[in-house]
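Enquirer: got a predicted structure here, sequence first:
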Amino acid sequence: MSRVGKHSIQVPAGVNVALNGNTLSIKKGSIEEIYNIPGCLKVENTSDGILLTPLDSAQSTRALWGTSQRNVKNIVTGLDTGFKIELEMVGVGYKAAVSGKRLTMQLGYSHDITFDIPDGISINCTKPTTIVVSGHNKKQVGDIAAVLRCYRKPEPYKGKGVIRVGEFVYRKEGKKK
């Protein structure tokens with residue numbers, strides 16, 4: 001049985017939840033997220049919050065039970081508080097700047113890298129070497145952070161590159177004489 005799926009999802013004040021069949025509509029202010037619940041699950045909007053229950057005990061149903069519960073919880077959390085990932089650029093001359101809806105990064109290449117910021121995502125550079133990606137959709141925030149990290153992955157010898165704050169970069173020993 002799913003240990004994640006059996007817990008109800010607490011809905012904070014200010015977040016509205018509407019259930020129409022197996023379509024869950026979660027709204028806060030002008031932002032609305034829609035999640036389609038699989039047909040093998042039953043959704044209830046109780047006083048404790050949103051509760052998902054499986055209709056049968058098949059293994060695929062149990063797998064979708066926990067996944068759907070987490071997806072709905074991530075939507076509710078994202079609309080309430082949002083998600084944030086901090087990236088740090090380690091290297092001589094590495095820096096970033098935001099101008100309008102465009103992020104410009106200098107990562108040691110012969111040219112600057114420009115990245116167009118999509119809707120629903122905000123990117124801030126608190127310091128020239130720090131990028132903060134934030135938004136209400138957890139998957140989109142993670143995908144954007146992964147794309148920015150791929151422009152210069154951390155290398156194991158000097159530790160240079162775009163690194164998530166708190167990430168451990170395995171360091172290798174250099175060539176011996």
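Expert: Okay, I see it.

Enquirer: where along this protein do the helices fall?
Expert: Secondary structure of the chain by DSSP state H: the helices cover 59-80, 138-150.

Enquirer: of all residues in the chain, which one is nearest the centre?
Expert: Taking CA atoms, centre = their mean, the centroid of the chain lies closest to K138, which sits 2.7 Å from it.

Enquirer: go ahead and confirm that one touches T81.
Expert: No - shown here, K138 and T81 do not form a contact pair, counting by CB atoms under 8 Å, at 11.1 Å. (Each C-beta comes from the backbone N, C-alpha and C, glycine too.)

Enquirer: before we move on, back to that, with distance to D119 and mean pLDDT added, can I get the helices of the chain in JSON lines?
Expert: Shown next, in JSON lines, are the helices of the chain (distance: least, CB to CB, whole Å; pLDDT from 0 to 100):
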{"stretch": "helix 59-80", "distance to D119": "15", "mean pLDDT": "92"}
{"stretch": "helix 138-150", "distance to D119": "10", "mean pLDDT": "95"}
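
Enquirer: okay if I get those helices as TSV plus distance to I50?
Expert: What follows is the helices of the chain, written out as TSV (distance: least, CB to CB, whole Å):
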stretch	distance to I50
helix 59-80	6
helix 138-150	17
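
Enquirer: out of the ones you listed, which gets nearest to V17?
Expert: V17 lies closest, by CB to CB, to one member of those: helix 59-80, at 7.9 Å.

Enquirer: which elements pack onto that closest one?
Expert: Judged by 3 or more CB pairs under 8 Å, 6 or more residues apart in numbering; DSSP states H and E, the packing partners of helix 59-80 are strand 23-28, strand 31-36, strand 41-45, strand 50-54, helix 138-150.

Enquirer: what sits against V76?
Expert: With contacts defined as CB atoms under 8 Å, 6 or more residues apart in numbering, V76 is in contact with 9-12, 15, 17, 26, 50.

Enquirer: my bad, should have said I75
Expert: Residues in contact with I75, defined by CB under 8 Å, 6+ apart, are 26, 33, 35.

Enquirer: give me the buried positions along stretch 127-143.
Expert: Residues of stretch 127-143 classed as buried: 131-133, 135-138, 140-141 (neighbour count, 16 or more other CB atoms under 10 Å).

Enquirer: please read the previous query as pertaining to stretch 141-154.
Expert: Buried residues in stretch 141-154 (16+ other CB under 10 Å): 141, 144-145, 148-149, 152, 154.
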